[in-house]
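[1] no sequence for this one, just the structure:
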């Protein structure tokens, strides 16, 4: 009998649990759904890490394998046990291995973990840190072509060591993302984000192998234009926006996957509006105050036509605005952006 793999759980952020998920196509032909798109941290961010328990040896493994990502991505991990750390790691052996994805970590109460390393086999910690910086499971890549024998997968995942019900198995293994939910690459059988699955779990007898290190494609993708490129603008390059400026600030997405960064200062608390105008379908994220990792809000099409608009009650401080095209793979175009106090 082939060994049953230990699989990590795909954690859903609280705000997404009760959100309606349309599966029919909108008038522009796209599917709107919860996805890894929009969950990356701002390029160049420093993510603080707090350990909630764990032995010195377990913590050392987590530090080491997190470093595999920071060695290639334009991100830093600071293991300072800050009370408000972006990533908070528990080591509960009864809770398996899991992590929230990317900026979803910021939605979790500070007293609760955003990641659990209940086992540390092979590259498990690196796998979970991959989720924490915005990556999804490779076996749910729509380009993967894994031919699941669903009845077998459901039956085997109900047994030790996972003890999953059918709904959890379908969500974490059998469900695939649609292509337009993801920014990504072709299926990578060597990815650290792919687990071992026995050949008996597929209808064509082709399984997958356990990957315990970052693949060449993992390293290339995480350092590429769609994720955390070293050559792209970072927080220190953010362009200053003047609140209530007479003219809107002109900008453009000039390369596929490019992200534009802006900042503005709130002197007096109140209701503020950040919006874009123009023919380009952009998405905006608002971070702050005084933090490039504390996500305040994000929006796609609340503005005019396909423009983005965020309205929020802000306290004094510096805020950061991240703007990207909806279509990371092939979207470019000009737009304007403005911040005003209502």
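    Structure's in. What do you need? Just so we're clear, the structure is a prediction, and the values are computed from it rather than from any experiment.
[2] and the host helix or strand of residue 47, what does it pack against?
    Here residue 47 sits within strand 46-52, counting by DSSP states H and E. Under the contact criterion of 3 or more C-beta pairs under 8 Å, 6 or more residues apart in numbering; DSSP states H and E, strand 46-52 touches helix 56-70, strand 76-78, strand 87-90. Any C-beta I mention is one placed from the backbone N, CA and C, and that applies to glycine too.
[3] which helices and strands sit right next to the longest one?
    Contacts of helix 56-70 with other secondary structure elements, assessed using 3+ C-beta pairs under 8 Å, 6+ apart, are made with strand 46-52, strand 76-78, strand 115-117, helix 124-132.
[4] now it: how far from the chain's centre is it?
    Relative to the chain's own centre, helix 56-70 is displaced by 20 Å; criterion: C-alpha atoms, centre = their mean, to the nearest Å.
[5] residue contacts, residue 263?
    Contact analysis of residue 263 by C-beta atoms under 8 Å, 6 or more residues apart in numbering lists 238, 239, 240, 241, 318, 319, 320, 321.
[6] can you do 10 Å?
    Shown in contact with residue 263 (C-beta atoms under 10 Å, 6 or more residues apart in numbering): 235-241, 287-288, 292, 318-321, 339.
[7] what's the separation between the most centrally placed residue in the chain and residue 86?
    The chain has residue 134 as the residue nearest its centroid, 2.6 Å off, counting by C-alpha atoms, centre = their mean. Residue 134 is 12 Å from residue 86, where distance means C-beta to C-beta, to the nearest Å.
[8] give the residues shared as contacts by those two.
    Counting by C-beta under 10 Å, 6+ apart, the shared contacts of residue 134 and residue 86 are 41, 102, 103.
[9] what is the neighbour count of the closest residue to residue 321 other than its chain neighbours?
    The spatial neighbour of residue 321 that comes closest, neighbours along the chain excluded (C-beta to C-beta, 6 or more residues apart in numbering), is residue 262 at 4.2 Å. Per other C-beta atoms under 10 Å, the neighbour tally for residue 262 reads 21.
[10] distance check, residue 262 against residue 88.
    Taking C-beta to C-beta, one finds residue 262 at 29 Å from residue 88.
[11] thought residue 314 was touching residue 290, still the case?
    No. The criterion here is C-beta atoms under 10 Å, and residue 290 misses it with residue 314 at 11.5 Å.
[12] which of these two has more neighbours?
    More crowded of residue 290 and residue 314, by other C-beta under 10 Å: residue 314, with 20 against 13.
[13] I'd like to know how far the more buried one sits from residue 152.
    Counting by C-beta to C-beta, the gap from residue 314 to residue 152 is 52 Å.
[14] thinking again about what came up before, wait, doesn't the residue nearest to residue 321 sit right on residue 245?
    No. Contact criterion C-beta under 10 Å: residue 262 and residue 245 do not qualify, at 11.7 Å.
[15] anything in contact with each of these two?
    Residues touching both residue 262 and residue 245 (C-beta under 10 Å, 6+ apart) are residue 339.
[16] which positions in stretch 284-300 come out as buried?
    For stretch 284-300, burial by neighbour count (16 or more other C-beta atoms under 10 Å) applies to 284-289, 291-296, 298-300.
[17] what of stretch 118-130?
    Judged by neighbour count (16+ other C-beta under 10 Å), stretch 118-130 contains these buried residues: 118, 119, 120, 123, 124, 125, 126, 127, 128, 129, 130.
[18] how close does the fourth one get to residue 193?
    Residue 123 sits at a distance of 10 Å from residue 193 (criterion: C-beta to C-beta).
[19] so which of the shared contacts of residue 134 and residue 86 wins on neighbours?
    Most crowded among those, counting by other C-beta under 10 Å, is residue 41 at 27 neighbours.
[20] separation between residue 276 and residue 263?
    Residue 276 is 16 Å from residue 263, by C-beta to C-beta.
[21] next: residue 59.
    34 Å.
[22] then residue 73?
    Distance, residue 73 to residue 263, using C-beta to C-beta: 22 Å.
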